[in-house]
Every structure is written in structure tokens, then in C-alpha cells.
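# I would like to see how this sequence folds:
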Amino acid sequence: MRPRRLGVNTWVWTSPLTDASLREIAPRVAGWGFDVLELPVEEPDDWDPAVAARVLADSGLGASVSLVMGPGRELVATDAATVRSTQDYLRRVVDAAQAVGAPVIGGPAYASVGRTWRLDAADRVAAYDELAENLAPVVDHAVAAGVVVGLEPLNRYETSLVNTVDQGLEVVGRLPAEGIGLMLDVYHMNIEETDLPAAVLRAGARIAHVQVCGNDRGAPGTDHLDWPALLGALDAAGYDGPLVIESFTADNATIATAASIWRPLAASQDAIAVDGLTYLRGLVPIPD
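Numbering: from 1, shown residues only. All right, here's what the predicted structure looks like:
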């Protein structure tokens, strides 16, 4: 396996992220041996990018940034005002990523999580055309900022629009390669893809970012997934970015409900991170 940086999303412990919680989390995860801390932007003013940049630098951590498509954030099948406000939000996420030195923003940048509707083949083509048109200004902004948008396919229970790698490729193929790719989330892929390594290989050079967790959103390595095969496919696809553990705290009712966290996924939230890091580091070497 090629050397690779490993990261963790602050959602493992808290939601929404604040300056105070970031100051507490960053040195802990750095001390455990993580290389990257992923910062969700639930609302653009939840945390200060300038403060975050200093905290991460003090802890020796790199950054990735996740966008959050909550209620009212829509780029398809909605009114023009909602599209504009969603574009404004996404541009602010890009700006936050630039400020903390994150190369990618990732998430379902198309519709609010949990919104589903039926689409026939013609409806889907039209929706993807509309999505590409409405994402284009955000992608242009990202290119200017030196940031890539990672479009994340979600499972069928969280969206009906983009569920698979192949559907994601249909969308990102309509937009400039330097500004948009796919964010692969192993949790969603385990539901929607019949062959995870094959799907990774199809995504190939369009992979912008990768989130990992056990098939039940617990720690990688405590589950049934064939991690060596999956990591081998990422190597073969040429992906050289980090693997970021994403799971969720049950302490925030909104996040816990959205992610269907109904029971503890490990002995502690720390264990999700530490056990996952230990397992993955046993498979992938530390980068030079």
C-alpha cells in the first residue's frame, strides 16, 4: 500500500463545530497520530477560519472541509432564490477551505440530505443538467481559490439524485476537471455499489477526497469490509489524498437523527477514531 495521510472528522465528537471545541479536539487527535482534521461547515459563522488555521498549525495538522446540505440548501428542482442562497453558502465553504489550507470541500452539493423524489431517465438527465449549470459558478469560484469541490454520492435513504459513482461521474463530467471531482464515502458505497473496488477504479482520476468508516459507521477494521482490496483500488486509481474517518456523535439530536445513530458504535467516541487510526495505519505506511 502507498503511504497515506489519515484524518478524522470533528463530527465524531461534536456538532456544530465551534472555535472552542476545535481548540480542544485538534491537539488530542494530533497526539494520537492523525495527520488531517476535517472541519464541517454547518453554518459559515460557527467557527472562524482564521482561528482554525492557527489552531491547526499549532497542532501540526492539515485540513479538509465538509459542506453540509441542511434544509433549504438546494441546487435542483427549487426556486431561483434558494439556488442563489445555496451557491452563496457553498462559496463561503470554499473560502473557509482556502483560509485553512484545505484542498477540497466535500459533500452532497446538490440537494438537502433526506430529500427524495422519483425521477425517470429523462428527469434525471434534466436534473443533472440543471445541477451542472447551478454548480458551475461555485466550481469557478473554487478554481480561483485553488480548491476542488468533491461531490458526494449518498445512499438511497438520504437522496434520490446521486447515489452511485457512475451517477456522480455523470454530473462531474459536465464540469471542469480542475474544479470538481467525487468524494467517495465508504459508508454510502457499501449500500449502493455491488463491487466497491471496481467502483473506485471507475472513479479513477476524478476522486477528490475519501471518507472512511466501518459499514455500521463504527471504526474501520471492526466491520465486514475488505479494506485491503479497497485501499489497493485507491492506489490503482492513483488517489494520493487522505483517508478521513467520518462518524457522528449522538449528542446532537439533529445530526444523530440525520445519520441514524441510534446506538453506541464503539466503547467511546474516542475509540472510533483511535481504533480506526490503528487499523488503517497497520495497512498504509506513514508518508515521508
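# State whether residue 66 is indeed within a helix.
No. Counting by DSSP: H, G, I helix; E, B strand; the rest coil, one finds residue 66 to be strand, located in no helix.
# Kindly state the beta-bridge partners for it.
Beta-bridge partners recorded for residue 66 (DSSP bridges): residue 40, residue 106.
# which residues sit in contact with it?
9, 38-41, 105-107, 246 (CB atoms under 8 Å, 6 or more residues apart in numbering). C-beta coordinates here come from the backbone N, C-alpha and C atoms, glycine included.
# In CSV: those residues, plus pLDDT and neighbour count.
Output for these, formatted as CSV (pLDDT from 0 to 100; neighbours: other CB atoms under 10 Å):
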residue, pLDDT, neighbour count
9, 98, 22
38, 98, 26
39, 98, 26
40, 98, 23
41, 98, 25
105, 98, 29
106, 98, 30
107, 98, 25
246, 97, 24
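# Now render those residues as CSV, adding distance to residue 278.
Below are the contacts of residue 66 laid out as CSV (distance: CB to CB, whole Å):
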residue, distance to residue 278
9, 17
38, 19
39, 23
40, 24
41, 29
105, 28
106, 24
107, 27
246, 17
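# On the strand side of things, show who residue 7 bridges to.
Applying DSSP bridges, one finds that residue 7 bridges with residue 36, residue 244.
# measure it to residue 164 for me?
Counting by CB to CB, to the nearest Å, the gap from residue 7 to residue 164 is 24 Å.
# Show me which of these two is the more surrounded one.
Taking other CB atoms under 10 Å, residue 7 and residue 164 do not tie; residue 7 has more neighbours (27 against 19).
# give me phi/psi at residue 183?
Main-chain torsions, residue 183, degrees, to the nearest 10: phi -100, psi 120.
# Just give the number of residues close to it.
Residue 183 has 29 neighbouring residues, counting by other CB under 10 Å.
# got a list of what it touches?
104, 106-107, 150-152, 208-211.
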